[in-house]
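Asker: what would the 3D arrangement of this be:
(3 chains)
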Amino acid sequence: MSKRVGMEVSIAISEAVKMANVDVVAAYPITPQTHIVEHLSELVAEGELDAEFMPVESEHSAMSASLGSAAAGARTFTATSSQGLALMHELMYMAPGLRLPMVMAVANRAVSPPISIWNDHSDIMAERDTGWIQVFAENGQEAFDLTIQAYRIAEHPDVQLPVAVNLDGFTLSHVVEPILLPDQAEVDKFLPPWKPMLQLDPAKPISMGMFGIPEIYFEAKKATDEALVGSQKAIVAIWDEFEKLFGRKYNPIETYKTEGAETILVTMGSISETAMTAVDQMRDQGIPVGLVRIRLWRPFPDKEFKAAVKGAKKLGVIDRCLTLGSHANPVGQEVRSLLYQEKDRPYVFNFALGIGGRDVTRADFRYIYDQCQTLAAQGQDRCHMVGVME
Amino acid sequence: MKKIDAMMSWKEVPLGCHVDRPGSTTDFLTGDWRSQRPVLDKEKCIYCGFCWIFCPEGCYQDQGPEAKVFVADLNYCKGCGICAYECPKQAITMVVEEV
Amino acid sequence: MSELQYEKISAKNLPQEEPFAPGHRACQGCGEVLALRMVMKAVGHQAIAVSATGCMEVCTSTFPTSSWRTPWFHVAFENAAAVASGVDSGYKALRRKGKTSQGRFPILAIAGDGGTADIGMQALSGALERWQDFIYVCLDNEAYMNTGIQRSSSTPFGAMTTTSPPGKLSKGQATWKKNMPAIAAAHGVPYVATASPAYYLDLMNKVRKAAATEGPAYLHIYAPCPTGWRMKPELAIESARLAVQSRVFPLYEVINGQYILNRKVDKPKPLTEYLKPQGRFRHLDAQTLADIEARVNAEYEKIVRLAGADKKPAKAEDKPAE
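Answerer: Here you go, the predicted structure:
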């Protein structure tokens, strides 16, 4: 039986990590990730979670220690944000390439300069191509559920990849929400103990982290890419199983009032809730608008996305990150290139919104909708930065 | 020399590109790097084992208490000459490899 | 503090096992790979090794082969200590939770001087401070050899490298070698030692002591590099021996903060005997040689004083077997 408890979303993630019975937590403090690891260290200190808590001296070492721990066969968790994730960047390629499952919560935050502790998606977008499975939570319940699911996904024999659970810094991480906490027994049923496929064990010595000559490097990368793309099958199956046990449905792409929508807004993360209320408002006014939310960002669910936007004439794709020097930002580029070869492709307009913690309101989505109508006549050369002072 | 082939389909790349054959560089014979070889004068050898312990390749093999001698495995000997230099009895001479 | 319990190695019971296989691609006469082979012989098969990027990693791990007969893991250049930390903490948790039948075994982090004294310093300091149960092995060949002999903070004064070239305005390396063992010891860790492959019994026993130590141990091992030092390959061990005999590389331990001089060098060999065979020092003038000699003696005397060895005569057992 689940029970409903009001708690900060960061704490909910820690509780999910506890219920996943992790063996090692390695982390370094950075705002707004801190509450997650603070609470985990309390759980370890109180004996509620039997794990090694490693208060390492940097995010670089947090990821390094996580790699060592996962290679030892220990279920591993880490969490970071912004500059911390950027410091890990060199090592972000390792867990996917070495096929070491682990889970990381990323409390998404802008990247300096100027230094900003507030929310956008710049940090994780710089890690887009590293091979991690990347999911975005819309609310606290999702952040909790995705964290538990992440271990099941990462450790699936056909997957064996790390998972990054993204939650918006402050606007999600520091918000108190009612969370349905399942029983430990239910979680144990869903998430059995990990049986590592690769393990540093003196009883059966293997070498990991090899030197790859040009004859093998390309194939090694292709193998990782295939594993990542192929992981969607396992992810969807695990989400279906989760629904059967816990009653909450998870899809790679979520749609909201897209039926008959001529214009569809595309979002990721917590602004989607604001966007839904904006869609409600516009629908009440008879405007044919809908919302598509990307939950599974990597691997990108091409087929599901195409199906979700089918029939729409205009897409307003919203990014929380700037790709400096380009005509569009990561999500805008992704969607535009995905749909380019479609026969009846819609217009794809790209908007940057809520950068560096700038407030996002319902009015912004109405504005974006209106812009989509205007741009359909004019065309769009570069991404539209919504709300930037001229 | 066992054929070492790093060329394979991506489908055959082991998980995470790991290697499950510990010590398998023995497939890679470094002896052909050598331009000179150690030649032992068994008469002078006192079976001290300096050649064995000081060999960077670990290519000297103890021939046992009967033979009382260490012999370099020329499959791996790179011809560095440390054994000859360190031999306390000058029992090892480096001889140029004739091709 | 009780004496460390470990199986002592003597000339009569040298370990026969070779956890490190031939067929590696180290240069001819590589003193570093030889020191590594000795480390692995002493530590045995029941261990996990983590390598930093560098010569020893590159030359032992070309897919699909490996020189390692123990489990081995390489991630990146600067993080061997942090990765080994993770292995240590991972196994601690697995043991406590009954998820492994493996008891305690040595976990090694192995790096060169660049991977230790420069880019890996922060990860190393963190791991020592966190009291991870592991052995950090610095194989010091005094420059970035893998990338083509660039200077590191462990390159000795005056040495020619590809980024400390002698010239009209330069005498080679313009800074004094960073004292890594002292930095490690400053963390208050239970075991720190220097070792040389020329004194292999001393080296292997120090590895055994480090393995027996619960908590962090730091080994700083002299690793002659004929290629980088512009030296004949057969002189690798001789140069390691001369470094000790000329006081350039004193052999000592720091056990729970107490310095112990393992080999007192009352009558040092002339410094030039050590420097001369190495092309990297060929350009040095008389004044620079005198400066280096003064510094070498001062550093050596510092160790002697720290060990209190100036107050007592050298004992036979202080001397490591050759």
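Asker: next, the buried residues of stretch A:125-135.
Answerer: Using 16 or more other C-beta atoms under 10 Å in any protein chain shown as the test for burial, stretch A:125-135 gives A:125-128, A:130-135. All C-beta spots, glycine's among them, are computed from the backbone N, C-alpha and C.
Asker: tell me where the stretch 201-350 of chain A has strands.
Answerer: A:207-208, A:253-256, A:263-267, A:289-294, A:296-298, A:314-319, A:347-352 (DSSP state E, counting those that start in this stretch).
Asker: ok, which of these comes nearest residue A:332?
Answerer: strand A:347-352 (3.0 Å; C-beta to C-beta).
Asker: before we move on, the earlier item: okay if I get the buried residues of stretch A:125-135 as CSV plus pLDDT, secondary structure and distance to residue C:246?
Answerer: What follows is the buried residues of stretch A:125-135, written out as CSV (pLDDT from 0 to 100; DSSP: H, G, I helix; E, B strand; the rest coil; distance: C-beta to C-beta, whole Å):
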residue, pLDDT, secondary structure, distance to residue C:246
A:125, 98, helix, 56
A:126, 98, coil, 51
A:127, 98, coil, 51
A:128, 98, helix, 55
A:130, 98, helix, 49
A:131, 98, coil, 51
A:132, 99, coil, 53
A:133, 99, strand, 57
A:134, 99, strand, 57
A:135, 99, strand, 61
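Asker: can you tell me the element whatever residue of the stretch 1-150 of chain A ends up closest to chain C falls in?
Answerer: Using C-beta to the nearest C-beta, the closest approach of the stretch 1-150 of chain A to chain C is made by residue A:68 at 2.4 Å. Residue A:68 belongs to helix A:59-71 when assigned by DSSP states H and E.
Asker: packing partners of that helix?
Answerer: Counting contacts by 3 or more C-beta pairs under 8 Å, 6 or more residues apart in numbering or on different chains; DSSP states H and E, helix A:59-71 packs against strand A:24-27, strand A:52-55, strand A:76-80, helix A:82-92, helix A:94-98, helix C:80-96, helix C:121-129.
Asker: which one of these has the most crowded surroundings?
Answerer: strand A:76-80 (a mean of 31; mean count of other C-beta atoms under 10 Å in any protein chain shown).
Asker: how about the residues of the stretch 1-150 of chain C by chain B?
Answerer: Contact residues (C-beta under 8 Å from any C-beta of the partner chain) of the stretch 1-150 of chain C with chain B: C:11, C:14, C:16, C:18, C:20-26, C:28-31, C:33-34, C:37-38, C:60-70.
Asker: which members of those residues are classed as buried?
Answerer: For those, buried by 16+ other C-beta under 10 Å: C:14, C:20-26, C:28-31, C:33-34, C:37-38, C:60-70.
Asker: looking at the stretch 151-300 of chain C, which residue is nearest chain B?
Answerer: residue C:234 (3.4 Å).
Asker: SS state for that residue?
Answerer: Classification of residue C:234 by DSSP: H, G, I helix; E, B strand; the rest coil places it in helix.
Asker: show me how chain A divides into domains.
Answerer: Domains of chain A are assigned by automatic domain parsing as A:3-246, A:253-385.
Asker: ends of the longest one, how far apart?
Answerer: Read that as domain A:3-246. 12 Å (C-alpha to C-alpha, to the nearest Å).
Asker: contacting chain A as well, which ones from the residues of the stretch 1-150 of chain C next to chain B?
Answerer: C:61-64, C:66, C:68-70.
Asker: contacting residues for the residue found closest to the residue of the stretch 151-300 of chain C closest to chain B once you drop the neighbours it is linked to in the chain?
Answerer: Sequence neighbours aside, residue B:81 is the residue nearest to residue C:234 in space, at 3.4 Å (criterion: C-beta to C-beta, 6 or more residues apart in numbering or on different chains). Residues in contact with residue B:81, defined by C-beta atoms under 8 Å, 6 or more residues apart in numbering or on different chains, are B:36, B:38, B:94, C:29, C:232-234.
Asker: show me the helices in chain B, by range?
Answerer: B:50-53, B:64-67, B:82-86 (DSSP state H).
Asker: looking at the longest one now, give me its mean pLDDT.
Answerer: What that stands for is helix B:82-86. Per-residue pLDDT values over helix B:82-86 give a mean of 98.
Asker: and it, what does it pack against?
Answerer: helix B:50-53, strand B:92-96, helix C:236-245.
Asker: any weak-confidence spans in chain B?
Answerer: B:1-3 (pLDDT under 70).
Asker: okay, the helices of chain B in a markdown table with mean neighbour count and distance to residue A:304 next?
Answerer: Formatted as a markdown table, those follow (neighbours: other C-beta atoms under 10 Å in any protein chain shown; distance: least, C-beta to C-beta, whole Å):
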| stretch | mean neighbour count | distance to residue A:304 |
| --- | --- | --- |
| helix B:50-53 | 22 | 64 |
| helix B:64-67 | 8 | 69 |
| helix B:82-86 | 23 | 64 |
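Asker: that's all I had, so thanks and see you.
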